[in-house]
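Enquirer: quick one, fold the following:
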Amino acid sequence: QVQLVESGGGLVQAGGSLRLSCAASGRGFNLRAMGWFRQGPGKEREFVGVISAGGATTYYADSVKGRFTISRDNAKNTVYLQMIRLMAEDTAVYYCAQSRRAAASTNADPDEYDSWGQGTQVTVSS
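Expert: Numbers count the residues shown, from 1 in each chain. I've put the predicted structure just below:
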């Protein structure tokens, strides 16, 4: 398993942008799809999006489609979540997670992921 550390969270005004990073240590980062999840106050953890091991395929939740973009740099063992046009509803702790598979999947089940970061807080003020 890899260890995952998210960074880049913070406070931003509605309409603003943030880029989150997730740095992985350990072997096999480039062999697994990577996902992003989030958990807002009083809400269950929800799927945000996923990128395949090679970076060619991405899927997003409808709530973020067109505003969020996932990318990865396998040479740097890092996956990114670029967020634009942020809304108050995007306020949450954001987690990256390593999938059990190489292919990206629209299966949003957290059990499909076997390593998780500690999360980074994103707060969007309206």
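Enquirer: show the contacting residues for the residue nearest the centre of the chain.
Expert: The residue lying closest to the centre of the chain (C-alpha atoms, centre = their mean) is W36, at 2.3 Å. W36 is in contact with 20, 22, 48-50, 68, 70, 79, 81, 94-97, counting by C-beta atoms under 8 Å, 6 or more residues apart in numbering. All C-beta spots, glycine's among them, are computed from the backbone N, C-alpha and C.
Enquirer: where in this protein is pLDDT low?
Expert: Of all residues in the chain, none has pLDDT under 70.
Enquirer: apply 80 and report the result again.
Expert: 1 (pLDDT under 80).
Enquirer: if we can go back for a sec, just give the closest residue to the residue nearest to the centre of the chain, not the sequence neighbours.
Expert: Using C-beta to C-beta, 6 or more residues apart in numbering and skipping the chain neighbours, the partner closest in space to W36 is V48 (4.1 Å).
Enquirer: contacting residues for the one you found?
Expert: G35, W36, F37, R38, Y60, A61, V64, F68, L81, Y94.
Enquirer: and those residues, which two are furthest apart?
Expert: Y60 and Y94 (13.7 Å; C-beta to C-beta).
Enquirer: the more surrounded of these two?
Expert: Higher neighbour count among Y60 and Y94: Y94, with 23 against 19, using other C-beta atoms under 10 Å.
Enquirer: how many other residues sit next to G15?
Expert: Quick note: G15 (other C-beta under 10 Å) scores 11 neighbours.
Enquirer: how about R72?
Expert: Neighbours of R72 under the rule other C-beta under 10 Å: 22.
Enquirer: so how far is R32 from it?
Expert: Taking C-beta to C-beta, to the nearest Å as the measure, R72 falls 10 Å from R32.
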